[in-house]
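Colleague: Prediction below, plus the sequence it came from.
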Amino acid sequence: VSRIWCERAWRGRGPKVDSRVLIEAADDGTIASVETGVEAPADAAVLPGYSLPGLANTHSHAFQRAIRGRTEAAELGSFWTWREKMYEAAMGLDPDLYRELARATFAEMALAGITAVGEFHYVHHDRDGTPYADPNEMGRAVIDAAREAGVRITLIDACYLRGGATIALEGAQRRFADASVESWTRRVEELVAEFTGEGEVRIGGAIHSVRAVDAESARAVASWAAGHGAPLHAHVSEQPRENEECLAETGWTPSAQLAEAGALGGLFTAVHATHLTDADRDLLGSAGATVCLCPTTERDLADGIGGAASLRDAGAHLAVGSDSQAVIDLFEEARAIELDERLGSGERGRHAPAALLVAAGAAGHAAIGRPEGGAIEVGAPADLVHLDPASVRLAGIDDTDPLGAIAFAATASDVADVFVGGRQVVRDGAHTSIEVATELRSSIAALGEAGR
Ligand SMILES: [Zn+2]
């Protein structure tokens, strides 16, 4: 049993912050006891200032870290030209390069206070589209990478079958695609058999998008996920063109088509959900689905501003993800839920600071199949983020009501220490086992070489 004492801790729900909180972590990595208002025992790790439960990155594509800042030239004007650069990076990957890049990227996430990631995984096969001898070699590389970085992972394996309703697979897309939904299912069943019972690894499923998966196959993926009680994710209505193509093919919006396929429910997460109709919002809300907003990516790709408050009011849960890794900072993603809506609506105060932190915490953990996460309470994982008490951004904040400053001014750089399962993964702002910047530099350079 190890003990951690926090001068002040937000326990993951509500507006209240507790003082002098002693947390005991059991050997299995869960919290065995929590006491408040006690002095620090001599054997405890002492965390002055503010601590929070570990953050959850609900939507990530680790390899896209390689194109950060490389898609910002003026001529790379649209989502679709960005996608070409992303496909180039995907073409360079092999299992070793993928593991190295993902390990460095997940370590960057650990430095940002992320203790669990939902990795939306679709680069499955060799460069010509043939499965590797082990068809899950790429998925395993990603899982190994997260373990080495000390971050819990839910591998959300995405079914991808076609380029579009009338578009054949081409280029990098062949790496993403399985021959049929049956071969996707067989592959994912192997992952489930291997990783069930592993605390830090979970397996979920995804319908990549209504573009990449036809209605009948989407129904099969949804029924697989329901049968396993597994999280089910899909990219939904990120761009108007996706809606137009879906309407032309099926007569439905993407949300309506997914509802028709039986995908919507409490374990479903719609990623982006930017361009919705009122009926779409009602479908997602009444299903109790999660909507994962990725505001820094949505800004970067000029996707638009989703209606987060109306989705919440309809009954949806809100979570956040770093998606394209344009930046990795869940404080920035969380406050953008409110700030982007302020710009779009001319109104302030639709989302309380605690609700924004729940989106970066408990709601995200639940959406990636870890409903026990995101809280400092008995039985929850002993996953903690400690903010640097010397941070200039947080100096002088209101100690009686600090969540406004944490939600609206803290950054990933303010994370000093991170514990996952009671084990320290980040100490004084540095990863305990990985030289993160060095590994990012070398893995991205190696991928660049491979792409030439
Ligand atoms: Zn995505």
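Modeller: Done, it's in. Numbering: from 1, shown residues only.

Colleague: And what about the spatially most central residue of the chain, helix, strand or coil?
Modeller: Centroid check for the chain by Cα atoms, centre = their mean gives Thr58 as the closest residue, at 2.3 Å. Following DSSP: H, G, I helix; E, B strand; the rest coil, Thr58 is assigned to strand.

Colleague: quick one: which helix or strand includes Thr130?
Modeller: Per DSSP states H and E, Thr130 falls between elements, in no helix or strand.

Colleague: do Val358 as well
Modeller: Counting by DSSP H and E, Val358 is found in helix 353-359.

Colleague: on contacts alone, who are the packing partners of whichever helix or strand comes after that helix?
Modeller: Per DSSP H and E, helix 353-359 leads on to helix 362-367 as the next helix or strand towards the C-terminus. Applying 3 or more Cβ pairs under 8 Å, 6 or more residues apart in numbering; DSSP states H and E, we find helix 362-367 packed against strand 55-60, strand 114-121, strand 290-293, strand 317-320. All C-beta atoms are positioned from the backbone trio N, CA, C, and that covers glycine.

Colleague: Could you tell me what pLDDT the model assigned to the residue nearest to the centre of the chain?
Modeller: We have a pLDDT of 98 for Thr58.

Colleague: now swap in the one 5 residues further on and tell me
Modeller: As predicted, Phe63 sits at a pLDDT of 97.

Colleague: same question, Gly451
Modeller: Looking at Gly451, the pLDDT reads 69.

Colleague: which one of the helices and strands packed on helix 362-367 is the most hemmed in?
Modeller: Among those, strand 55-60 has the highest mean neighbour count (mean count of other Cβ atoms under 10 Å), at a mean of 31.

Colleague: Pull the residues that contact the following helix or strand past that strand.
Modeller: Tracing the chain past strand 55-60, the next element assigned as helix or strand by DSSP H and E is helix 79-92. By Cβ atoms under 8 Å, 6 or more residues apart in numbering, the residues outside helix 79-92 that reach it are 63-64, 66-67, 70-71, 75-76, 123, 127, 171-173, 175-176, 238-239, 300-303, 324, 447-448, 450-451.

Colleague: Filter these down to the buried ones.
Modeller: 63-64, 66-67, 71, 123, 172-173, 175-176, 238-239, 300-301, 303, 324, 447 (16 or more other Cβ atoms under 10 Å).

Colleague: so how far is the first residue of stretch 131-145 from its last?
Modeller: One end of stretch 131-145 to the other measures 20 Å (Cα to Cα, to the nearest Å).

Colleague: how about that stretch: buried residues?
Modeller: For stretch 131-145, by 16+ other Cβ under 10 Å, it's 131, 135-145.

Colleague: Nearest to Thr105 among those residues?
Modeller: Nearest to Thr105 among these, counting by Cβ to Cβ, is Ala145 at 7.8 Å.

Colleague: Pass me the low-pLDDT residue ranges in the stretch 351-452 of the chain, would you?
Modeller: Across the stretch 351-452 of the chain, the ranges flagged by pLDDT under 70 are 451-452.

Colleague: quick one: the strands in it?
Modeller: Ranges of strands within the stretch 351-452 of the chain are 384-387, 415-420, 423-427, 430-431, based on DSSP state E, counting those that start in this stretch.

Colleague: How about residues contacting stretch 419-433?
Modeller: So stretch 419-433 is contacted by 2, 4, 25-26, 28-30, 45, 54, 107, 110-111, 115, 148-152, 199-200, 381-384, 386, 388, 413, 415-418 (Cβ under 8 Å, 6+ apart).

Colleague: just stretch 21-41 next, same as before
Modeller: Taking Cβ under 8 Å, 6+ apart as the rule, stretch 21-41 contacts 1-6, 8-9, 11, 18-20, 44, 46, 51, 199, 376-382, 384, 419-423.

Colleague: Would you mind checking those residues for buried ones?
Modeller: Using 16+ other Cβ under 10 Å, the buried ones in the contacts of stretch 21-41 are 2-6, 8-9, 11, 18, 44, 51, 376-377, 380-382, 384, 419-422.

Colleague: related to what we said a few turns ago, for the buried residues of stretch 131-145, give me CSV that also has distance to Ala316 and pLDDT.
Modeller: Listed next are the buried residues of stretch 131-145 as CSV, based on distance: Cβ to Cβ, whole Å; pLDDT from 0 to 100:
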residue, distance to Ala316, pLDDT
Pro131, 36, 97
Pro135, 34, 98
Asn136, 32, 98
Glu137, 36, 98
Met138, 31, 98
Gly139, 29, 98
Arg140, 33, 97
Ala141, 33, 98
Val142, 28, 98
Ile143, 29, 98
Asp144, 34, 97
Ala145, 31, 98
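
Colleague: Now for those: which two are most distant?
Modeller: Farthest pair in those, by Cβ to Cβ: Pro131 and Ala145, 20.1 Å.

Colleague: before we move on, back to that, tell me which of the strands of the stretch 351-452 of the chain is the most buried.
Modeller: strand 384-387 comes out most buried of those by mean count of other Cβ under 10 Å, with a mean of 27.

Colleague: Mind exporting the C-alpha coordinates of that strand to CSV?
Modeller: C-alpha atoms of strand 384-387 as CSV (Å, rounded to 0.1, in the frame of the first residue of the first chain):
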residue,chain,number,x,y,z
LEU,A,384,-3.9,11.3,-10.0
VAL,A,385,-2.7,14.5,-11.6
HIS,A,386,-0.8,17.0,-9.4
LEU,A,387,-0.5,20.6,-10.7
